Every structure is written in structure tokens, then in C-alpha cells.
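[1] Sequence first, predicted model second:
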Protein chains: 2
Amino acid sequence: MAGNSYPEFIEFEKECQNAQFAAGILAWDQETKMPQGGAMERANQMATMAKWFHDYYTSDRMRVYLEELRRPDVFDGLGPEEQTNVRETGWQYDREVAIPGSLVKEIAKHTSMSLETWKDARSKDDFSLFAPSLEKMIDLKVQVAEHIGYEDNIYDALIDEYEPGTRTKDVEVVFADLRERLVPIVKKILDSDVHPDEGILAQPWPLEKQKEFGIMVVTDIGYDWNRGRLDEAAHPFTSGAIDDVRITTRYNENDIRPALFANIHEAGHAMYQQGLNPEHYATPMGDAIGLGFHESQSRMWENLVGRSMPFWRHYYPKLQATFPGQVGNVPIEDFYAAANLVKPSLIRVEADEVTYNMHILIRFEVELAMMNGKVDVEEIPALWNEKYKSYLGIDVPSDADGCMQDIHWSMGIQGYFPTYTFGNLISVQLWNTMIKDIPDVWDQIEAGRFEPLLGWLNEKVHRPGRMYRTPDMLKHLTGEPMNADHWIGYIKEKFGPIYGVQL
Amino acid sequence: MAGNSYPEFIEFEKECQNAQFAAGILAWDQETKMPQGGAMERANQMATMAKWFHDYYTSDRMRVYLEELRRPDVFDGLGPEEQTNVRETGWQYDREVAIPGSLVKEIAKHTSMSLETWKDARSKDDFSLFAPSLEKMIDLKVQVAEHIGYEDNIYDALIDEYEPGTRTKDVEVVFADLRERLVPIVKKILDSDVHPDEGILAQPWPLEKQKEFGIMVVTDIGYDWNRGRLDEAAHPFTSGAIDDVRITTRYNENDIRPALFANIHEAGHAMYQQGLNPEHYATPMGDAIGLGFHESQSRMWENLVGRSMPFWRHYYPKLQATFPGQVGNVPIEDFYAAANLVKPSLIRVEADEVTYNMHILIRFEVELAMMNGKVDVEEIPALWNEKYKSYLGIDVPSDADGCMQDIHWSMGIQGYFPTYTFGNLISVQLWNTMIKDIPDVWDQIEAGRFEPLLGWLNEKVHRPGRMYRTPDMLKHLTGEPMNADHWIGYIKEKFGPIYGVQL
């Protein structure tokens, strides 16, 4: 039984979230369509949108609804979906209300301009152009964190936005465990005598054919074009709610990997959104649980499925037919090994599965230093480069491909990076549960049938929306808290045979 | 000297207009990029945006500002630009405050859905699919008009939105005058022995070359790509503020006219927006004066310039080089005559200059009947077809190309159509003033130099924003009120020689 004000409350929540989705379209547009000269106008528009959302969300109206609906006697009388909507709206309300509207507006405006500054600085490979903008962003995010409050570490207040309840110290524990177990694995792989031929992938691939092939794959796996579209963006991302979920990719004429795997990755995100319950559009029950789970979907499709042998047993003949000059005479085993090449590298989004988490570790450490005032902005490139050398043995040739390679800091989403690693861990943890329900999933994939897997994810992961929070959801689905065991096991099992070593 | 609250007032006005521009981007997206499945979500987003704008614009905050700033002692102390911003914001406030927020939200939501219904009904050529949606829209617009109030005719309250202060009876006078003088002109032209060969234009033109040529032309005349972009849309339109002004066109593989002239037409609108003073972005001083003036810019570039002999003396060799198979052997005189073919036709946006206003007359009459409850919705197609037969001698073969050809009624912008004819009249009235300042403008155009003309328009028409209202602006610039003399004179002078008759 709903409390008296629940219907009005949920109507108001929807109204507010609609404005957020509208802002999402503007953000998508800025990354894909907006003419360069429009940056300042867009910054002003985004600032107004953010401020108005903030004004409404923190209004007396919302406060009064929540005061009533959070009262135990009322809350207990709500159904589970209603309770979810009250709990999660309340959580967002508490965060919003802690931050002054003027700061929200300033951040939105600065973000829009900062994005343009980052693009410009990156294209000119000149960190000094970006530095003042980043410095201001850090200052603004520090203010946000101080307003929200935290126990141990200022970073807690930031990561909480993406994975509610996560603490920096917990992240440090997971990362330490992962690093300890991963370093010897990487070493064994790199020391092995097997050297997959990267040249199979890094060769000229006609763009039009790349597009065609990518579209075929995302269509097959279940991306719904009636509720989506594909564009190019410097930094691929997915945007949208349930019935308008857009993916982006970037093409490299000399390497099929960036576009193909970004396509699958973003389709993984998008199918999560498209799989949400449209009845709950614009409410927490119709929203994704958190970024770790979101990333688990993209990484599952990209890596567990998209870089698997069964997947390529299905697609390789098509790939050979589409690109006879490139792979017509290449045995599938060589292609598979190349697609799973482990090679410490510069660019996170193009990193292999095994070393990927090291990229996240570096970002996490730099962000921690940045947000705790332990590194000056101008020292960030040096710190970045030093860590790439020490953790991955990589010399960073330019800041454009170094500490300016990612869009995140220019967008002010410090605290986001760790969720990528959570996504990797969760993806395998979920997979190992799913496979008990669908024991023949690999046969299905090899036959090009992806509905059983997508159907399982729809039912178990997507449709429940934010009914559970990440830890509870994991417990509920897999019976275990988040841990690295599954992922480490998967890496060993997959890469041992490829590299002919016992991991 | 500004009143005390002026700086805060103008900051707030900008905030509100930013939200309107944001909604404009969403509307552009809906027409050009949005996947079909997203219509309902978009409708919800647009409804929230409209409601929030309405809430803010009609808030106590705005009321208090305006009460102070409109007080004669305060208003008189403001500078002319400030007075303009107060006067025009006050005018919009008065309109908004008259309409309940719930109605605003309902209209926005219905508009978004109605657009989709119209598209669907049009593609299926089934008016009955659109009728309920149109009926509801009429009902909503009647409610709006009743809230705003009017003296003589409910239509007054609608047309006032697009040309403040215009009365239905004044429109009727102008249209009657125009019709009386135009009918004999059309008759003489159609009775003449000259029959330009339409086949020169209505033949296959490769799309890619059409695009290329159109882009060259709009670039030459002064459209700024750094602050714009070109996309395809079923119904070409221009969207945006000053630094992000987007144009759209539609291509017809078998006729070069639709895309080429839509390109120039929309660029004319866009150059008005791009020519506004960016210092006044998001205030009336940085906004276009009204739709009549807006249309005068698009029609001037499309018709007075784009269908003139000097223009084609410059471009025809380029056209011949681009399309040797189509016009390589066609004399310029034949091409020019074909581009100015007078032929009563079905589709307004493709109508020739001479008969164009008859299309507007028909719409005006149908709208008047529609809004005054003198025609039932299901009778609209018959009424439309009857008028096309009687005024233009045209049999309407389908509602898709009949009363469903225009987007306007589905968007709820009843009252807009007359401004097209105003635009035609104003375009020539302005031209006849401009040519006194730039006597060699035709030589300039023939030499491909469009800056003198654009520069004049920028200075005289664009930069002043809404400093004057349409009647005052016309008086100020041309010394005369709006009248049909200039336009009729222009038509006679241009088409007499083409058709070898004394008009």
C-alpha cells in the first residue's frame, strides 16, 4: 500500500528525471553533433539544466514527500518497488541537497567548457592548455566532497556517487589483492614463448566494411535499433534511458579492434538500458543499479563473449568473407590469439583484458593524489608517466596519449574509474552464475544465438532496476560478495592455453 | 542607468532562455536524429522542459523584477537596450502567465506525440490517423487563446505569438489586396505563350553532387559552419540561437530545386540568427524581431538572390561543371526561366514565388475556420482540396501531399502561416531600401561577393535584435508600413520579361 503522497511523489520524480534525460541528450549532442562554435552557448544551457534540476530536486516539495514517505510507518506500508523508488530518490536527494545550487551551476558550466578545453589541448598535445581547467575542476569537486562529507578520505564522497556506499579503503583492498595476483600472471604471459601476431589486426581495414560488420554484430547480439542509433565520438560512450539509447564508436583505418570492440562494449551498456522496465521509466526502478554493474554488462559482451573462441567460430567465416584480403588466409586460432593478445600498452580503452585493470589502478592512484592535494596539477603528467613506466613498463610518448587520453577528468567524474574494475570482476562473477542456468551457453553463442544470454541478463540483472544495491544484488544473484576469485580464475583458464603456460 | 534589479533580472531571463534553447536542441534532435522508439520518452522530456520554463518564467521572482522595471520612473531610467529587454520579456511574461502550467505541459507533451502521429499518418497517407491528434491540438490551442484573450477573433491570440500586435482583420486586408492584384498577374503569366522547360530541373541529379553544390553555395553566401551544421529533415527548418544555428534540407534525386533552394532559404534564416549580437545571447536584444522579418531573410536569399539572373551568371558555369550531363548544353536563359517557372502546384515549400502566397492564403483561411470551429476536423481535407481547386486550379491527389504536407498544425503553431507572406512582402520592401545604400549590389552578386549584402543585413536588420517591433522596424528602415506595393512591383518587373508579357 502506497502512502498518500506516493503517486504525486513519483510523478514529480519522473518530471525531474525527464530533465536529466534531456540534459543527457544535450551531452550526447555535444560529443557527436554540436558545431565547435556552440560550446559556450551549450555550457550556459547545461548550467541552467543542472541548476533547475537541482532546484526542483531539492525543493520543499521533494523534501515534504520524502519526509512523509521515509517515515517508518509509511515506508513499511509501501510495496517493494515503491520502497526502492523512495530509498533511491532519497539517496539522490540527500546528495543534491548537500550541494549549493550555485556550485551545481558552476560545475555544469565549467564541465561544458572544460570538455572543449580538453579536446583542444588533447588535439594539440599540450597539457598546459588543459591544466587551468583541470585545476578548477579539482577545486570544484573538492568543494562538492566537502559539502557531502566523508569519513576517511575525501575520495569517498566522490566514488559514492557511482557506487553508493563504497569506501576508498575497500577499493584499496580489492586493488591490492588483484594486483598481487595479477602481476605474476602478466609476467608469465609476457615471458612465454608464444607471441600472437598483432599484425593480423593492425593492418588496413576499409572503414565502410568495418561499419557494416560492427552493425551486423551489435544487431545480432540484440541491440534494438528502433530504440537506438550509432554515431562516432572521440571517446565512445552510451547515452540514454530505455527507449532511446545511443551508442558511439570510433574507427581506426589501420586496426579493426577499436571500433569493433567499442561497438560490442557500448552495445552491452545499451542493452542494459534497453532491458530496463519501461513501466518504471524515469524512476530508480527503471534505472541501472550502478556503474559497476553497468560495466559488467559492457565487459561481459566485449570480453567474455566478444573475445571468446565460440563467438569467433560463429563470426570468423563472416569476417573472412567481409575482409578476404585481411584474414582470408589466417587460421582462426591465430586470429583468436591476436584478438586476445596481452601486451602492456598506452591506451586504456584499447588495453587487453589482462592488463586493463593496471590502467585503472594507475588512474585510481593519480585521482587519489589529485583529490587529496598530494600532487599539483602540473605534476600530473610526470606522475602518470612514472606509473606507466613502473606498472606497465611503458614509456608515454605524449600527454595526449598519456594523462589526457580519457575524457573523465575534464567531465568532473573523478571517482568513476574504479567502477571499471568492479565491472570486470562482476562480469565474471555473474557469468559463473549464469552458466549454471544455461549450461549450453557456449554452444548457443557458437550457433549465433544470443537471446538465451541476453534473456537471462534481462530477467536477472536489467528488469529489477535498482531494487537491490550492488553488494546485495551480487549476494542475491551469485551468493557471494564482490571478489576477484572468479575473474582471476577466468583469466588463468582463458590465457593459459593461449600462451601455453600454467597460470 | 539600469534599475537596481536589472542585472539580476537579465541574468534570470538568460537562465530561462537557456532552457528554451536546450528544448530547441531536443526538438532539432527529434526531427533529425532521434530513433523512432524514443518518441514517448521525448514527449515526456519536452513536457517537463516546457513546464519548468513556464514555472520559472511566471515565478514570483520574474513578477517582482518586472513590476519594478516596468514602473515608469524605473523604466525611463533604463538605456534603450535595457528597455527593449524589459519590454519584450514583459510581453512574453504576460502571455505565459495567462496560461496555466498544466496546459503548457499538456501541449508540450501532446506536440511531441502529435509530431510522430503526423509523420506516421503522412507516410501512410491516412488523414484519419492524424485527425484525433489534430482535434486535440485545436482544442488545446483554443484553450490557450481563451486564456490569453482577444478582441475580435480567437485567431488574434495565436498570430500575436509570432507577430506581436497583428490582428486577423489586418491580415485579411493585406491578403485581400494581394489577392486582388495577384490573380490577374498569375492569369497573364499562365496565358502567355512562354512555357519554360521544367524538365531542365526535374531530371535525375546525383545526390552527392547536389550536397556538394548546396554546401558550396551556402558557404559562399556567408553561412558560418563553425557555428552550424547541415542535416536532412522531412520538413526543412532552421534551429538554434547565435553560435549553434543548424540548417536542414531534403533531397530529391529527380529534382535539384527542393534541396538547393531549401539550403539557401534555411541559410537565410540561419544567417539572421548568426548575425545577432552575441553579447545579448539569450535576451530579446539578441533575438530575432519576429517571424515576418525572419522569413524576409530566408525569402530574400532564396528568391531575390537565389533565383536572380546575376546569381546564376556567377553560379551557372559551376553548375554546368558539376552537372555536365544535366545542364552542360542548356543555355543560362533557359535554366533561369525554368528556375522561375510559374506553375500552380501542390506543395507550398516547392511553390514558385508568384503563386506561393496563394498557398498561404489557403492555409490562413483553413486555419481561421479550424480555430473558429467553422469546420470539423474530418472535413479539413475536403475544404483544403476545394480551395486548391478553386484558387490554384489544382486537384489534390492525396492528403499526404494535401492538408498533411506541412508540419505546422501537428506542432500546434496555428497562426504561423501568415508570417510567410509577411516575409515575402518585407523581403522586397527591405531590398528596395538596401539597394539605395548598395547601388551595385547586383554586380557584387554576379561577382560572387555576398558580403556587402550580408553586411548590410547584419548591421540594419540582425544586430538590432528586438529593439523595434515589426511595424516600427519597417518604418525605421524603409520609411513605410508593411505593404504589398514593393512585392507586386518586383513580381511584375521580374516575371514580365521572363514571360514576355506586360504585367
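    Structure received. Quick caveat, the model's predicted, so the values are computed rather than measured. Numbering: from 1, shown residues only, chains lettered A, B, ... in the order given.
[2] hey, let's count contacts and neighbours off CA atoms from now on
    Will do.
[3] who in chain A is up against chain B?
    Listed as neighbours of chain B in chain A under the rule C-alpha under 8 Å from any C-alpha of the partner chain: A:15-16, A:18-19, A:21-22, A:25-26, A:34-38, A:41, A:44-46, A:48-49, A:225-229, A:243-244.
[4] Now, those that are in strands?
    In strands, defined here by DSSP state E, there are no members of the residues of chain A next to chain B.
[5] Tell me which of the residues you listed fall in helices.
    Judged by DSSP state H, the residues of chain A next to chain B include A:15-16, A:18-19, A:21-22, A:25-26, A:41, A:44-46, A:48-49 as members of helices.
[6] farthest-separated two in those residues?
    The span of those, defined through C-alpha to C-alpha, is set by A:15 and A:41 at 24.3 Å.
[7] What confidence value was assigned to the nearest residue to residue A:280 once chain neighbours are set aside?
    Of all residues not flanking residue A:280 in the chain, residue A:286 sits nearest, at 4.4 Å (C-alpha to C-alpha, 6 or more residues apart in numbering or on different chains). Here the pLDDT value assigned to residue A:286 is 98.
[8] And residue A:1, by the same measure?
    Here, the pLDDT recorded for residue A:1 equals 47.
[9] Wait, a helix at residue A:172?
    Yes - counting by DSSP: H, G, I helix; E, B strand; the rest coil, residue A:172 is located in a helix.
[10] Check the gap between it and residue A:385 for me.
    Separation of residue A:172 from residue A:385 (C-alpha to C-alpha, to the nearest Å): 21 Å.
[11] The two: who's more crowded?
    Between residue A:172 and residue A:385, residue A:385 has the larger neighbour count (other C-alpha atoms under 10 Å in any protein chain shown), namely 20 against 15.
[12] buried subset of the residues of chain A next to chain B?
    For these, burial is judged from neighbour counts taken by 16 or more other C-alpha atoms under 10 Å in any protein chain shown, and it is met by A:15-16, A:18-19, A:21-22, A:25-26, A:34-38, A:41, A:44-46, A:48-49, A:225, A:227-229, A:243-244.
[13] follow-up on the earlier one: using a markdown table, lay out the ones in helices among the residues of chain A next to chain B together with pLDDT.
    Output for those, formatted as a markdown table (pLDDT from 0 to 100):
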| residue | pLDDT |
| --- | --- |
| A:15 | 96 |
| A:16 | 97 |
| A:18 | 97 |
| A:19 | 97 |
| A:21 | 97 |
| A:22 | 97 |
| A:25 | 97 |
| A:26 | 97 |
| A:41 | 95 |
| A:44 | 94 |
| A:45 | 95 |
| A:46 | 94 |
| A:48 | 95 |
| A:49 | 95 |
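[14] show me where the stretch 101-250 of chain A has helices.
    Ranges of helices within the stretch 101-250 of chain A are A:101-123, A:127-148, A:154-162, A:168-191, A:207-221, based on DSSP state H, counting those that start in this stretch.
[15] Could you dump those into TSV and include mean pLDDT?
    Formatted as TSV, the helices of the stretch 101-250 of chain A follow (pLDDT from 0 to 100):
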stretch	mean pLDDT
helix A:101-123	92
helix A:127-148	97
helix A:154-162	94
helix A:168-191	93
helix A:207-221	97
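[16] Nearest approach to residue B:443 belongs to which of those?
    Proximity to residue B:443 (C-alpha to C-alpha) singles out helix A:101-123 among the helices of the stretch 101-250 of chain A, at 41.5 Å.
[17] Report the inter-axis angle for the closest one versus helix A:127-148.
    Here helix A:101-123 runs at an angle of 160 degrees relative to helix A:127-148 (axes from the mean of the first three to the mean of the last three C-alpha atoms, to 10 degrees).
[18] export helix A:101-123 as PDB, just CAs?
    Taking C-alpha atoms only, helix A:101-123 is exported to PDB below (Å, rounded to 0.1, in the frame of the first residue of the first chain):
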ATOM      1  CA  GLY A 101      22.700  25.300  -6.300                       C
ATOM      2  CA  SER A 102      25.300  27.900  -7.200                       C
ATOM      3  CA  LEU A 103      28.000  25.300  -7.100                       C
ATOM      4  CA  VAL A 104      26.000  22.900  -9.200                       C
ATOM      5  CA  LYS A 105      25.500  25.500 -11.800                       C
ATOM      6  CA  GLU A 106      29.200  26.500 -11.800                       C
ATOM      7  CA  ILE A 107      30.200  22.800 -12.200                       C
ATOM      8  CA  ALA A 108      27.800  22.300 -15.100                       C
ATOM      9  CA  LYS A 109      29.100  25.300 -16.800                       C
ATOM     10  CA  HIS A 110      32.700  24.600 -16.200                       C
ATOM     11  CA  THR A 111      32.200  21.000 -17.300                       C
ATOM     12  CA  SER A 112      30.900  22.000 -20.700                       C
ATOM     13  CA  MET A 113      33.800  24.400 -21.300                       C
ATOM     14  CA  SER A 114      36.300  22.100 -19.700                       C
ATOM     15  CA  LEU A 115      35.300  19.400 -22.200                       C
ATOM     16  CA  GLU A 116      36.100  21.700 -25.100                       C
ATOM     17  CA  THR A 117      39.400  22.700 -23.500                       C
ATOM     18  CA  TRP A 118      40.400  19.100 -23.100                       C
ATOM     19  CA  LYS A 119      39.600  18.400 -26.700                       C
ATOM     20  CA  ASP A 120      41.600  21.300 -27.800                       C
ATOM     21  CA  ALA A 121      44.600  20.600 -25.500                       C
ATOM     22  CA  ARG A 122      44.500  16.900 -26.500                       C
ATOM     23  CA  SER A 123      44.500  17.700 -30.200                       C
END
